[in-house]
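S.K.: Test case, fold it:
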Amino acid sequence: MITRTLRQSFRRQEGQALVLAALMVLVMSIAVLTTVNIGHTVHERIRLQNTADSAAYSMAAMEARAFNFYAYANRTQVSHYVSAMLWQSLLSLIYFAEAFLADTYGFMKTLNPCAGDADGFFWKIACPLLKLIPVVGQVLKVIDTAMDAWKIVVRTFHQLLVTTNPDKLIGKLVIPTHWVLNSVLFFASQAMMMSASTHVFQTTDTVIADNDKNINSLISQGLTGVISQCLFDQTHFAEAGGRPLGTPANPFKAIDPKETALASKEARAKRSMGGISNATRYACDSKGGLGVGGVDLLSCQQKFITSRRIGDLLPLPPWLGIIGDWLSNDINIPGVFSFGKLGQTRMLTHIADYRDKLVKTSKTRNYIRDWNDGIAPTLGMMAQGDNLGSDDLYWLKFGPANFPGVTNPLACKTDEENVGRCWGDPRKGLEDTSRKKLPYQWMSKTSIWALNDQEGSYRDGGVHWRVHPQRLPTGDSAWRNRRRPQGSEGEVGVTKNEICTIPFGLCPFGKGKMDVYTANVHPAEDGNHPWKGIVPFMHFEPGQFQSVCGRTVTNDAAPRYKFDFNQPSTWVALNKSPDEITNRDLKDKEAGTNAPALLNANGKIRFNFTADTDALELENNRKKFLSFSEGLNVITRGQSYYHRPGNWTEQPNFFNPYWRPRLASVYQGRHNLPLAGSLNDALPGPLKNIAPKIITH
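M.R.: You can find the predicted model right below:
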């Protein structure tokens, strides 16, 4: 019975499904655990990549913010330079008015030698006799009355300038204040540069911590931080404003004024600032102010700095606009009358012996309007801001320049070397198409030359072509190169010149001469016009280096397809170890953990069905980067790039605030990494195509 029961029990099949079910539960459990583990790993990989992207983008945004700050600071510096030119224009115009008033009185004195105090033995006897003639005497009396009234005007204006001394107030205080303000702006730019450099070097640790508190990849952050900081440093034009990893530039010391060579980096930087400042020399760009009788009195004219013609300066009502247009053009009736007025203020470039050429009459040239500034033909009229010049030229001519054998003192000959001795046109050689003569070679009237401390002017205060009065300043206000006026009208700044009107060899014998009275305008070194030059500023020059960090710098321009016009990249490489991926201690409460899915501390399950031991390893510790970094590894690149909306062709610069951050292709930026680009380029054709397939981010 018992045997039969056992035999039947062996034949029954109940219970086999339980074994299969147990095996299937094991397989399904392993599948679920594996799925959970893979899902968690994928999630952590995405989080790690997003963290790296956020860090790279944040660094690029920080750099773009610094570059835009540079742009605003540089544009403000330009506005200060333009404002300084505006003040110097005003100053030049004031002393032009003094010279012009003196010249008009001198012109009347020349035509009427009997007016005022007669000069010379002949006129002292002849004038009283002429006044006794009935008609002639009455005419001379009327002229004397008018000239006495005009003389009071001239003397009053001259005394007002002596009392207020705007030359010292504006030249030594107001204009240098603009230079100091630019120094403060550059110091602020330096502070922004160092702050951005520090954050770039730290690869924005705060951003990484905010995204994932379980990352601790200091080695990779340090490596990419050094590269990013080097690229940020390389963006800065050291010769203009220093760089983060170099010696800081002194905010109160100008860029070397003597750097003018074509290949000089300092000169290139100064030309960019000087050229933009000269190009924006409008004192204002809109009208509006106190109106009296339909005349706008307080609004400044756009041509004030670059023209200063009579029609632009007079506040004429709209219905007299035709007169303003007429006065703004040269008045020229050939052989009868000619009058014109010009004025301009601009930044200039240092040349050798600048001070001597402004002071010595035999070398004097007006470099404000000179087509060749003495440096090189290719640099003619280039502005580096080493000096600041302004002129107010005018000419007054009556009659032809000369008659046969006779010189007309009321219209100097075009080849006259010193039109200060008579009236005429200071534009010498104006009709010389060969350009052998410089049209503005001689500065006959008022001009201001604010010179830097390398030019050797008196007290480093520049040169001022102005009226020299009879009572010259003394003591601390004393001038160098003073010339007292001659004749009896020196108190109003008018000097007497003897002009040989009828040559024929008679002048040496005291015959054929005529007394001519003109404004006593000469160069004066009064120490009132210091100008240090261009303040250091942050500058960007696209493609200035062909090399990258860790390689020898060359002078060749960097190709855009390799170096992105020198626009800096920000690199971030992050690693998350297996323990960090697991998030065992849940430092980040928002992060999940796969610790339960690992089953045990080792993250392994062993199967001992046979002599050979097999293990199922659930912990992600086998994926390595370059055979030394376990866990997950990501790399990303950000970039600070320049783009003016609607204009992709404009090259990047630090004068327009159009810098923006973005994430960029890692593969396309391979040349920013030391050796990476060159190694990839050296691979054979088939192998070279592998990199873009592997590096997809």
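S.K.: quick one: low-confidence parts of the stretch 401-550 of the chain?
M.R.: Low-confidence segments of the stretch 401-550 of the chain (pLDDT under 70): 402-405, 413-421, 424-444, 501-512, 545-548, 550.
S.K.: Strands of that one, start to end?
M.R.: Assigned by DSSP state E, counting those that start in this stretch, the stretch 401-550 of the chain shows strands spanning 402-403, 406-407, 447-450, 463-467, 494-500, 513-519, 521-524.
S.K.: For His643, which of the ones you listed is the nearest?
M.R.: Across the strands of the stretch 401-550 of the chain, His643 has its closest neighbour in strand 447-450 (38.2 Å, C-beta to C-beta). To be clear about C-beta, it is placed using only N, CA and C from the backbone, and glycine gets the same treatment.
S.K.: Summarise which helices and strands the closest one is packed against.
M.R.: Identification of packing neighbours for strand 447-450 by 3 or more C-beta pairs under 8 Å, 6 or more residues apart in numbering; DSSP states H and E yields helix 16-111, strand 387-398, strand 463-467.
S.K.: that older thread, would you turn the strands of the stretch 401-550 of the chain into a markdown table with distance to Thr110 and mean neighbour count?
M.R.: Below are the strands of the stretch 401-550 of the chain laid out as a markdown table (distance: least, C-beta to C-beta, whole Å; neighbours: other C-beta atoms under 10 Å):
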| stretch | distance to Thr110 | mean neighbour count |
| --- | --- | --- |
| strand 402-403 | 17 | 12 |
| strand 406-407 | 14 | 16 |
| strand 447-450 | 24 | 28 |
| strand 463-467 | 17 | 27 |
| strand 494-500 | 9 | 21 |
| strand 513-519 | 5 | 23 |
| strand 521-524 | 16 | 23 |
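S.K.: Distance check, Ser447 against Ala238.
M.R.: 36 Å (C-beta to C-beta, to the nearest Å).
S.K.: Apologies, that question was intended for Thr206.
M.R.: The spacing between Thr206 and Ala238, counted by C-beta to C-beta, is 29 Å.
S.K.: Equivalent analysis for Asn74, please.
M.R.: For Asn74, the distance to Ala238 - C-beta to C-beta - is 16 Å.
S.K.: In terms of neighbours, single out the busier of the two.
M.R.: Relative neighbour count places Asn74 above the other of Asn74 and Ala238, with 28 against 19, counting by other C-beta atoms under 10 Å.
S.K.: residues contacting the more buried one?
M.R.: Under the criterion of C-beta atoms under 8 Å, 6 or more residues apart in numbering, the neighbours of Asn74 are 273, 537-538, 654-655.
S.K.: swap in Gln88?
M.R.: By C-beta under 8 Å, 6+ apart, the neighbours of Gln88 are 170-171, 175, 345, 388, 390, 448, 450.
S.K.: switch the cut-off to 6 Å
M.R.: 345, 390, 448 (C-beta atoms under 6 Å, 6 or more residues apart in numbering).
S.K.: which residue packs closest to the first one, ignoring adjacent ones?
M.R.: By that I understand Thr345. Computed as C-beta to C-beta, 6 or more residues apart in numbering, the closest residue to Thr345 that is not its neighbour in sequence is Ser390, at 3.7 Å.
S.K.: What about that neighbour, how many residues nearby?
M.R.: When neighbours are counted by other C-beta under 10 Å, Ser390 registers 26.
S.K.: for Arg346, helix, strand, or coil?
M.R.: Of the three states, Arg346 takes strand under DSSP: H, G, I helix; E, B strand; the rest coil.
S.K.: one step back: output the contacts of Asn74 as CSV; include the columns distance to Pro400 and neighbour count.
M.R.: As requested, these are exported to CSV (distance: C-beta to C-beta, whole Å; neighbours: other C-beta atoms under 10 Å):
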residue, distance to Pro400, neighbour count
Met273, 47, 26
Phe537, 53, 26
Met538, 58, 29
Phe654, 56, 29
Phe655, 51, 19
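S.K.: Could I get the helices and strands packed on strand 447-450 in a markdown table, plus columns for distance to Gln202?
M.R.: Shown next, in a markdown table, are the helices and strands packed on strand 447-450 (distance: least, C-beta to C-beta, whole Å):
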| stretch | distance to Gln202 |
| --- | --- |
| helix 16-111 | 9 |
| strand 387-398 | 43 |
| strand 463-467 | 52 |
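S.K.: deepest of those, which one?
M.R.: strand 463-467 (a mean of 27; mean count of other C-beta atoms under 10 Å).
S.K.: other SSEs contacting that one?
M.R.: helix 16-111, strand 447-450, strand 521-524 (3 or more C-beta pairs under 6 Å, 6 or more residues apart in numbering; DSSP states H and E).
S.K.: partners of the last one, with directions?
M.R.: Taking DSSP bridges as the criterion, strand 521-524 pairs within the sheet with strand 463-467 (antiparallel).
S.K.: Which parts of the stretch 151-300 of the chain are helices?
M.R.: With DSSP state H, counting those that start in this stretch, the ranges of helices along the stretch 151-300 of the chain come out as 166-169, 175-201, 205-211, 218-235, 238-241, 265-279.
S.K.: among these, where is the model least confident on average?
M.R.: The stretch with the lowest mean pLDDT among those is helix 205-211, at a mean of 79.
S.K.: list the helices and strands that one packs on?
M.R.: helix 16-111.
S.K.: what is the orientation angle of the helix it packs on with helix 265-279?
M.R.: Orientation of helix 16-111 against helix 265-279 (axes from the mean of the first three to the mean of the last three C-alpha atoms, to 10 degrees) gives an angle of 70 degrees.
S.K.: and stretch 256-274, how far apart are its ends?
M.R.: End-to-end distance for stretch 256-274, by C-alpha to C-alpha, to the nearest Å: 14 Å.
S.K.: Just the buried positions in that stretch, please.
M.R.: When burial is assessed from 16 or more other C-beta atoms under 10 Å, stretch 256-274 yields the following buried residues: 256-260, 264-274.
S.K.: that older thread, quick one: which of the contacts of Asn74 sit in helices?
M.R.: Among these, DSSP state H puts Met273 in helices.
S.K.: can you put the contacts of Asn74 in JSON lines and add distance to Asp233?
M.R.: Output for those, formatted as JSON lines (distance: C-beta to C-beta, whole Å):
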{"residue": "Met273", "distance to Asp233": "21"}
{"residue": "Phe537", "distance to Asp233": "17"}
{"residue": "Met538", "distance to Asp233": "13"}
{"residue": "Phe654", "distance to Asp233": "15"}
{"residue": "Phe655", "distance to Asp233": "20"}
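S.K.: His468 contacts Asn520, correct?
M.R.: Yes: counting by C-beta atoms under 6 Å, His468 does reach Asn520; the two are 4.9 Å apart.
S.K.: Which of the two has more residues huddled nearby?
M.R.: More crowded of His468 and Asn520, by other C-beta under 10 Å: Asn520, with 28 against 21.
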